[in-house]
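Visitor: A structural model of the following input is requested.
(2 chains)
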Amino acid sequence: MAELSGTIDDVLQPRFGNRALTLVVAAAAFLVILALPIAASVLGETGMRGDFANRLQAPTFAHWFGTDAMGQDMLARTIHGLTTSLWVGLAASLISAFVATVLAMLAAAGGRVGDTIVSVLIDATMGLPHIVLLILICFALGGGPHAVMLAVALTHWPRLARILRAEMLQVRNADYVIAARHFGRSAWQIAYGHVIPHLLPQILVGTVLMFPHAILHEASLTFLGFGLEPSRPAIGLLLADSMRYLTAGQWWLGLFPGLSLLALVLCFDALGNGLRTILDPRGAQL
Amino acid sequence: MLEGRDLSFGYAGTSLFEQLSLAVPPRTIVGLTGRSGRGKSSLGRILAGHLRPSSGTVVIDGQPRKCGALDSVQYLHQTPIFAFNPRWRIERILSEAWPCDADTRRSLEIPDALLRRYPHELSGGELQRVAVLRALAPGVRYLIADEITAALDPITQARLWRVLQERVADGLGILAISHDRALLQRIAGTVRAL
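Guide: Take a look at the predicted model:
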């Protein structure tokens, strides 16, 4: 018997372990993300001034990420660059989530015609290569920080819109919504009690998980030279600059900003997973 | 009397039934049986107002059903978990239909502890009893019971039908849809085959 229960325990999922770990990791990730803009404002101009006596230094204790060709501290530039990315990502995610929600509501409220129009719009946008669309919009708007932000904001809604549209259709035809109608509940009560609580977690998690995409695309656009002005550090700009020095052996110029960008993206991923865990009713009383 | 008059229905060009009439009087259990895919559930959903027939009408005491108020015909699912919002606790699920009184709750053996749980934390039998309790709101006069005890063990099945039979004695009309002819012969006054 003991042997048997042992094997069954192996098959069963742990009751607490994963959930607690996911939440702790998500909280830590959130703190890291929060620390970025704070660090940027605390640092201010520290390390951002050129210091030609200390140019192109490998990482030391004085300069953890080394210094660039102008003697600027790479750690300070990376923090400022990631903070810029964060704001672009925030604006882009919020605008995209708004567009996606509005389109999903139009698809649900607009009957067959509305749904077809929204579906075609989603398919058409998803059918274009994303980076081409980004470059087109950026180019059409003349480049610069606002063009990058708008381009990123206007191209990230289709995936969330598609998910929200499907969820909306599903919940509208769910047996419990049909039952609610036959218990005499009004459309408003159904929207407030059933539809919105079902969609809100999707919108929230979708918005958070859109962040890393937006940040990476902002970095790509800046890397390709469409983006933000050279005086304002952006992570894409740092990576583009580092290209010239990598072959000369100055590896720290590319490695550390690149790793930091990766870490930020992973932080958002962890935060999104944590939110999903919290919002899942199946885990509510474990 | 709950009546379906000259009902026709079908999916994608194939007809399930045509010109079918069925009446469920108060104080009776009418059985509905038939092989799988013959349209038993579709007929039940039409009578409950969940589906629109391609032709024919459903009337309650000669009147068409009112929208926007508690429907006097309620539909009970074979798998009740789909009829509950997974994000709601049982007490909220019940109060969406009516503030359930303690006597009815006790007769269906739903303890207080159950009310604080979510649907996925209940067993199949508990879920079905909650579904029945929710549907027994004052003003509900007919139940469409679509295989409601097919997934339950014989003792739970017998208990649930005993509670429903008491309600029938008080004036409720039930259309009991089932494959189980033995069950229908036991509980139903008349049995229709589809």
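
Visitor: and chain B, which residues reach chain A?
Guide: B:48-50, B:68-71, B:73-75, B:77, B:82-88, B:96-97, B:117-118, B:120-121, B:137 (C-beta under 8 Å from any C-beta of the partner chain). For every residue, glycine as well, the C-beta is placed using N, CA and C.

Visitor: Now do the nearest residue to A:Val195 once chain neighbours are set aside: how many residues are near it, please.
Guide: Excluding the flanking residues, the one nearest A:Val195 by C-beta to C-beta, 6 or more residues apart in numbering or on different chains is A:Val171, at 5.4 Å. Using other C-beta atoms under 10 Å in any protein chain shown, A:Val171 has 19 neighbouring residues.

Visitor: Which residues belonging to the helix or strand hosting A:Val171 are considered buried?
Guide: Per DSSP states H and E, A:Val171 falls inside helix A:157-172. By neighbour count on 16 or more other C-beta atoms under 10 Å in any protein chain shown, the buried set for helix A:157-172 is A:Trp157, A:Pro158, A:Arg159, A:Leu160, A:Ala161, A:Arg162, A:Ile163, A:Leu164, A:Arg165, A:Glu167, A:Met168, A:Val171.

Visitor: Stretch A:127-145 now?
Guide: So, applying 16+ other C-beta under 10 Å, buried residues of stretch A:127-145: A:Leu133, A:Leu134, A:Ile135, A:Ile137, A:Cys138, A:Leu141, A:Gly143, A:Pro145.

Visitor: Ends of that stretch, what's the gap?
Guide: 26 Å (C-alpha to C-alpha, to the nearest Å).

Visitor: What residues are bridge-paired with B:Gly4?
Guide: Bridge pairing for B:Gly4 (DSSP bridges) gives the partners B:Leu22, B:Val58.

Visitor: Now do the contacts for it.
Guide: B:Leu20, B:Ser21, B:Leu22, B:Ala23, B:Leu43, B:Ile46, B:Leu47, B:Pro53, B:Gly56, B:Thr57, B:Val58 (C-beta atoms under 8 Å, 6 or more residues apart in numbering or on different chains).

Visitor: Now which of these would you call buried?
Guide: Of the contacts of B:Gly4, these count as buried by 16+ other C-beta under 10 Å: B:Leu20, B:Leu22, B:Ala23, B:Leu43, B:Ile46, B:Leu47, B:Pro53, B:Gly56, B:Val58.

Visitor: Using just helix, strand and coil, how would you label B:Leu20?
Guide: Three-state call for B:Leu20 (DSSP: H, G, I helix; E, B strand; the rest coil): strand.

Visitor: Contacts only, for it.
Guide: B:Leu20 touches B:Gly4, B:Asp6, B:Leu7, B:Ser8, B:Leu43, B:Gly56, counting by C-beta under 8 Å, 6+ apart.

Visitor: Got the confidence number for it?
Guide: Per-residue pLDDT puts B:Leu20 at 85.

Visitor: where's it relative to B:Arg65, distance?
Guide: B:Leu20 sits 18 Å away from B:Arg65, taking C-beta to C-beta, to the nearest Å as the criterion.

Visitor: what about chain A, any weak spots by pLDDT?
Guide: Where chain A drops to pLDDT under 70, the residues are A:1-17, A:47, A:56, A:228-231, A:281-286.

Visitor: Point to the residue nearest the middle of it.
Guide: When C-alpha atoms, centre = their mean is applied to chain A, the residue found nearest the centroid is A:Phe211 (1.3 Å).

Visitor: quick one, the helix or strand containing that one and helix A:157-172 angle?
Guide: Per DSSP H and E: A:Phe211 is located in helix A:196-223. Angle of helix A:196-223 versus helix A:157-172, following axes from the mean of the first three to the mean of the last three C-alpha atoms, to 10 degrees, is 170 degrees.

Visitor: Now for the residue nearest to A:Leu164 when sequence neighbours are not counted, which secondary structure element holds it?
Guide: Among residues not flanking A:Leu164 along the chain, A:Ala104 sits closest, at 3.6 Å (C-beta to C-beta, 6+ apart). Assessed by DSSP H and E, A:Ala104 sits inside helix A:74-109.

Visitor: now A:Ala153
Guide: A:Ala153 belongs to helix A:145-155, assigned by DSSP H and E.

Visitor: And that helix, what's buried?
Guide: Of the residues in helix A:145-155, A:Pro145, A:Ala147, A:Val148, A:Met149, A:Leu150, A:Ala151, A:Val152, A:Ala153, A:Leu154, A:Thr155 count as buried by neighbour count, 16+ other C-beta under 10 Å.

Visitor: Could you do stretch B:58-69 as well?
Guide: B:Val58, B:Ile60, B:Arg65.

Visitor: Going by distance to A:Ser93, which of those residues wins?
Guide: Of all the buried residues of stretch B:58-69, A:Ser93 sits closest to B:Arg65, with 45.9 Å by C-beta to C-beta.

Visitor: correct me, but the closest one touches B:Val58?
Guide: Yes: in this structure B:Arg65 lies within contact range of B:Val58 using C-beta atoms under 8 Å: 6.8 Å.

Visitor: Between these two, which contacts overlap?
Guide: In contact with both B:Arg65 and B:Val58: B:Gly49, using C-beta under 8 Å, 6+ apart.

Visitor: mind listing the strands for chain B?
Guide: B:2-11, B:14-24, B:29-33, B:55-60, B:63-64, B:73-76, B:142-146, B:173-177, B:190-193 (DSSP state E).

Visitor: Dump those to JSON lines, plus distance to A:Ala100.
Guide: Below are these laid out as JSON lines (distance: least, C-beta to C-beta, whole Å):
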{"stretch": "strand B:2-11", "distance to A:Ala100": "33"}
{"stretch": "strand B:14-24", "distance to A:Ala100": "39"}
{"stretch": "strand B:29-33", "distance to A:Ala100": "45"}
{"stretch": "strand B:55-60", "distance to A:Ala100": "40"}
{"stretch": "strand B:63-64", "distance to A:Ala100": "40"}
{"stretch": "strand B:73-76", "distance to A:Ala100": "34"}
{"stretch": "strand B:142-146", "distance to A:Ala100": "37"}
{"stretch": "strand B:173-177", "distance to A:Ala100": "41"}
{"stretch": "strand B:190-193", "distance to A:Ala100": "49"}
